[in-house]
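Chemist: What shape does this take:
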Amino acid sequence: MVKKWAAAQALQAVACGLPPDVRMNSVLLKPTSHTGSQIVVMGRPVGQMNVREYVRYKPQVR
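Modeler: Prediction:
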């Protein structure tokens with residue numbers, strides 16, 4: 001399975017001579033509109049959410 005991570009964290013890992021790892025950005029919010037994002041947790045997409053949905057979902061991620 002291909003895991004997703006932020007380009008900035010992947011670039012920082014390469015600059016440090018380390019392989020990129022999803023733990024470098026365990027929760028990634030990828031904007032898809034003005035009010036929503038794709039939520040990616042530990043490299044796995046978990047869904048598309050607006051702000052209100054994400055606030056309700058967030059305690060489950062801890």
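Chemist: from here on, contacts and neighbour counts on C-alpha atoms
Modeler: Will do.
Chemist: What residues does Pro31 make contact with?
Modeler: For Pro31, the contacting residues are 37-38, by C-alpha atoms under 8 Å, 6 or more residues apart in numbering.
Chemist: What distance do you get for it to Val61?
Modeler: From Pro31 over to Val61 the distance is 18 Å, taken as C-alpha to C-alpha, to the nearest Å.
Chemist: which stretches of this structure form helices?
Modeler: Along the chain, counting by DSSP state H, helices occupy 7-15, 51-61.
Chemist: what's the longest one packed up against?
Modeler: Yep, that's helix 51-61 we're talking about. Using 3 or more C-alpha pairs under 8 Å, 6 or more residues apart in numbering; DSSP states H and E as the contact test, no helix or strand touches helix 51-61.
Chemist: who's in contact with it?
Modeler: 35-36, 41.
Chemist: what's the answer for the shortest one, then?
Modeler: Where contact means C-alpha under 8 Å, 6+ apart, the residues beyond helix 7-15 that reach it are 19-21, 24-25.
Chemist: So what sits opposite Arg44 in the bridge?
Modeler: Arg44 has these beta-bridge partners by DSSP bridges: Val41.
Chemist: Now for it, how many residues are close by?
Modeler: 17 (other C-alpha atoms under 10 Å).
Chemist: now Lys3
Modeler: 12.
Chemist: which regions of the protein sit below the pLDDT cut-off?
Modeler: 1-2 (pLDDT under 70).
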